[in-house]
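Q: I'll drop the sequence and a predicted model, then ask my questions.
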Amino acid sequence: MFAKATALLGDRIAGRALLDKLVPFRNQIVAPVGMPWGCVAHHAALGATAAERLDEAAALFDEAEATHTRLGMTFMAERTRTERARWLG
């Protein structure tokens, strides 16, 4: 949720900090009980957009979509495609 807020606000400093913290965990899935939030790469991509690191954001969105698709998380894959289109056009 912080990643989304960072992207919406366009906070470059928070985006960079978030990206640096999340990238090492980008292959993991965030799954609190009853409500999976998807691949960490998705959230890192949002941080990258806020930090205006668009090439890195594109790569992270691609990675997140591939992970979601591989795991059969179709809703999350679609959410990642939607966010990618929203932020990267």
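A: Great, that's in hand. Numbers count the residues shown, from 1 in each chain.

Q: May I see the buried residues of the longest helix along the chain?
A: The single longest helix within the chain, with elements called by DSSP state H, is helix 54-70. Buried positions in helix 54-70, judged by neighbour count with 16 or more other C-beta atoms under 10 Å: 56-61, 63-65, 67-68. Where C-beta positions appear, they are placed from N, C-alpha and C, glycine not excepted.

Q: So which elements touch that helix?
A: In terms of contacts (3 or more C-beta pairs under 8 Å, 6 or more residues apart in numbering; DSSP states H and E), helix 54-70 is packed against strand 38-39, helix 40-50, helix 74-88.

Q: Which strands or helices does the longest one pack on?
A: In this structure, helix 74-88 packs against strand 38-39, helix 40-50, helix 54-70, with contacts taken as 3+ C-beta pairs under 8 Å, 6+ apart.

Q: coming back round to it: just say which of the helices and strands packed on helix 54-70 is most tucked in.
A: Comparing the helices and strands packed on helix 54-70 by mean neighbour count (mean count of other C-beta atoms under 10 Å), helix 40-50 ranks first with a mean of 28.
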